[in-house]
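Q: sequence first, then the predicted structure:
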Amino acid sequence: MIKFELPMKKIRAHWLILLSMAAGLLVSCSHKAPMTRSDREKWNRSMLNGIYETAGNRNPKWDKDAEDALTYYGECRTASDDEVKELSDMIGDSAESAVNEGCNDPMIRYLYVRYSSDVQAKPLQDRQDLFRTAANDLLNSPYPEIWKFYAHYHAADIFWDGDTNLFPQVSQFLGIAISELSQAVQEKSLPEAEAYAATDALFQLIQNHPKEMEYAYDQIESPLAHQPDKAAMADFITATFYLQYAWVARGHDTADQVTAEGWRLFKERLDIAQKALEHAWSLDQQDPQIPTLMISVVLGQQTGRPEMEKWFDRAMKADPNNYQACRAKLHFLLPEWYGSRDDMLEFGRECVASTNWGGHVPLILVDAHIEFHNTLQREERRGYWLLPDVWPDIQDGYEKYAQLNPDETSFRYPYAWYAFSCLQTNDFVEQINLIRTNDGEIDYDYFGGKEAFDRAWAFATGAPMPTNEAAASSE
């Protein structure tokens, strides 16, 4: 068992004014109205850019790049799956530019270490040293605990990639991460979505160490149990823990390989998760994340599609733009669970056709093809993107998304990627030209580097390209 060394509690008064300002966005939010994606972005912008403006290490030489990195990071916190890669590159590029100009702000340095392609190309030991320094510097900064948690979480993660002799350092990073998260979730202004994402990530990181999972859960949930206004959050964190803990007991083998004890613990822990979510829902029927998580519990309990649909309807009524609920339902409809390709595509097309659902929801139709493609054997994948029903769906999903989100641009990278994969060269060229118009330049790394992009562009615009390269591109 890893022994966690918890640091002494420190007084954190540097950013209380900013917390109060951010709280204005969220006053009693979970009891009056669900927090939207836009609300969460505003909170991140208020906290990240606000603290940088008032207490960051500013300088005209790097302020623009630093502020861009913080803005992109805030957007990345709520992005759909296919936007995260492009936004991650944008964060890394902006943070790297700021650091190259001499920026030593601890939050920007952390974003540089986490996202910069320059850092990612370094040897493991060098990256470990950079993560250690970034985490330590951020710990002693005015930035809030939630980002101090992530800095130490990622430091622990990268040190875990090394040899077992580094476990004492892993233990230290995890101990601080748990302590910072325990304090972060008690802040009244912290969006529930941020608290839930952080606890879920932590439990996943240590899921192979049950004793450490139990310790982390106790440290995070216990303080909330004594705060009436955090009762629903405490229930949700309980459900998050026991859902993952159930799969720890069951394992991921096929059903016939699970032991009787594994099945017993699996059911017992899922039942605890179910009861916690039902109680949370009785306290707060405005939080869409509660019924969203219940979809995953229902999947494990095998209580059937009608029960899943009940909680899905609740999730979408609480937030009509609930992309995560749609993702959970899509996962439920995978052939390996309780659906089929037809079920997945029918649901994806419903997401595009709906006049009530918005935000990232239309992209579920794109996700449906991606997820089904990923279930296929390698030899079956090669021709998937050329099937006659694939490109019309991809196009419908992205065009509906563009219609609903006219200010968004990062989705055009995956749009272009899938246009090329489906050998729709005119559409590929159109999306690349829109990227040039919107952004002024192309992030070649998204396409595997400039050389790979140039080959794709030459093929799309009429230059000859070897048949095997075209086929490889469409896998």
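A: Done, it's in.
Q: tell me how many other residues crowd G462.
A: The local packing count at G462 equals 8, with neighbours defined by other Cβ atoms under 10 Å. C-beta: built from backbone N, CA, C; applies to glycine.
Q: mind checking the SS state of it?
A: Following DSSP: H, G, I helix; E, B strand; the rest coil, G462 is assigned to coil.
Q: any idea how far it lies from V429?
A: Summarising the geometry, the distance separating G462 from V429, computed by Cβ to Cβ, to the nearest Å, is 10 Å.
Q: how about A318?
A: Relative to V429, A318 is positioned 41 Å away (criterion: Cβ to Cβ).
Q: so between those two, which is more surrounded?
A: Counting neighbours by other Cβ under 10 Å for A318 and for V429 shows that A318 has the greater number, 21 against 16.
Q: next, the closest residue to that one other than its chain neighbours: phi, psi?
A: Nearest in space to A318, with sequence neighbours left out and distances taken as Cβ to Cβ, 6 or more residues apart in numbering, is P288 at 3.7 Å. Backbone torsions of P288, given as degrees, to the nearest 10, read phi -70, psi -20.
Q: quick check, central residue of this structure?
A: R77 (6.3 Å; Cα atoms, centre = their mean).
Q: where does the residue nearest to A318 land on pLDDT?
A: The model reports P288 with a pLDDT of 94.
Q: what's near enough to touch it?
A: P288 makes contact with 34, 315-316, 318-319, 322, 325 under the criterion Cβ atoms under 8 Å, 6 or more residues apart in numbering.
Q: mind picking the lowest-pLDDT entry from those?
A: Model confidence across the contacts of P288 bottoms out at P34, which has 59.
Q: what about the residue nearest to the centre of the chain, distance to E83?
A: The span separating R77 from E83 equals 11 Å under the rule Cβ to Cβ.
Q: tally of neighbours for the residue nearest to C76 when sequence neighbours are not counted?
A: Excluding its sequence neighbours, the residue lying closest to C76 (Cβ to Cβ, 6+ apart) is L87, at 4.2 Å. A count of nearby residues for L87, using other Cβ under 10 Å, gives 19.
Q: show me what the helix or strand hosting K400 is packed against.
A: Using DSSP states H and E, K400 sits in helix 390-404. Packed against helix 390-404 by the contact rule (3 or more Cβ pairs under 8 Å, 6 or more residues apart in numbering; DSSP states H and E) you find helix 341-353, helix 364-375, helix 412-421.
Q: buried ones in the longest one?
A: In terms of neighbour count (16 or more other Cβ atoms under 10 Å), helix 341-353 has its buried residues at 341, 343-345, 347-349, 351-352.
Q: what angle separates that helix from helix 364-375?
A: Between helix 341-353 and helix 364-375, the angle comes out at 160 degrees (axes from the mean of the first three to the mean of the last three Cα atoms, to 10 degrees).
Q: give me the pLDDT for H31.
A: Reported pLDDT at H31 in the predicted model: 44.
Q: cool, and E75?
A: Reading off the per-residue confidence, E75 sits at a pLDDT of 87.
Q: now L25
A: According to the per-residue confidence, L25 scores 35 in pLDDT.
Q: over to M8?
A: Predicted confidence (pLDDT) for M8: 31.
Q: and the helix or strand where I220 lies, what does it pack onto?
A: Assigned by DSSP H and E, I220 falls within helix 210-221. Counting contacts by 3+ Cβ pairs under 8 Å, 6+ apart, the secondary-structure elements packed against helix 210-221 are helix 167-184, helix 192-205, helix 231-250.
Q: same list (the ones you listed) but as CSV, adding distance to A280, mean pLDDT and mean neighbour count.
A: Written out in CSV, the entries for those read as follows (distance: least, Cβ to Cβ, whole Å; pLDDT from 0 to 100; neighbours: other Cβ atoms under 10 Å):
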stretch, distance to A280, mean pLDDT, mean neighbour count
helix 167-184, 19, 94, 21
helix 192-205, 10, 93, 21
helix 231-250, 4, 95, 23
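Q: got these as JSON lines, with distance to L70 columns?
A: As requested, the helices and strands packed on helix 210-221 are arranged in JSON lines below (distance: least, Cβ to Cβ, whole Å):
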{"stretch": "helix 167-184", "distance to L70": "18"}
{"stretch": "helix 192-205", "distance to L70": "15"}
{"stretch": "helix 231-250", "distance to L70": "26"}
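Q: W43 touches E192, doesn't it?
A: No: with contact defined as Cβ atoms under 8 Å, W43 does not count as touching E192 (11.0 Å).
Q: what is in contact with these two at once?
A: Contacts common to W43 and E192, judged by Cβ under 8 Å, 6+ apart, are absent.
Q: any buried residues in stretch 221-233, and which?
A: For stretch 221-233, the buried set under the neighbour-count rule, 16+ other Cβ under 10 Å, comprises 221, 224, 230-233.
Q: likewise for stretch 329-336?
A: Along stretch 329-336, the positions that meet the burial threshold by neighbour count (16+ other Cβ under 10 Å) are 329-334.
Q: of the residues you listed, closest to V390?
A: Of all those, V390 sits closest to L330, with 16.1 Å by Cβ to Cβ.
Q: what's the spacing between the closest one and R305?
A: L330 sits 13 Å away from R305, going by Cβ to Cβ.
Q: ditto for Y112
A: Looking at Y112 against R305, where the rule is Cβ to Cβ, the gap reads 46 Å.
Q: list the contacts of the residue lying closest to Q186 once chain neighbours are set aside.
A: The shortest distance from Q186 to any residue that is not its chain neighbour, by Cβ to Cβ, 6+ apart, is 5.7 Å, and that residue is P223. Contacts for P223 were tallied using Cβ under 8 Å, 6+ apart; they are 182, 185-186.
Q: now L190
A: Shown in contact with L190 (Cβ under 8 Å, 6+ apart): 144, 146, 184.
Q: per-residue pLDDT, it?
A: Reading off the confidence values, L190 has pLDDT 89.
Q: for it, helix, strand, or coil?
A: coil.
Q: so who does A325 touch?
A: Contacts here follow Cβ under 8 Å, 6+ apart; on that basis A325 touches 288, 291-292, 295, 312, 315-316, 319.
Q: let's go with 10 Å and repeat that
A: Listed by Cβ atoms under 10 Å, 6 or more residues apart in numbering, the contact partners of A325 are 288-289, 291-295, 311-316, 318-319, 357, 361, 364.
Q: now a PyMOL select for only the buried ones of the residues you listed.
A: Of the contacts of A325, the buried ones go into a single PyMOL selection, burial set by 16+ other Cβ under 10 Å:
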select buried, resi 288+289+291+292+293+294+295+311+312+314+315+316+318+319+357+361+364
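Q: coming back round to it: for A197, state which of the buried residues of helix 341-353 is nearest.
A: Relative to A197, the closest of those is C351; by Cβ to Cβ it sits at 22.3 Å.
Q: wait, doesn't the closest one sit right on K400?
A: Yes: with contact taken as Cβ atoms under 10 Å, C351 and K400 are classed as touching, separated by 8.5 Å.
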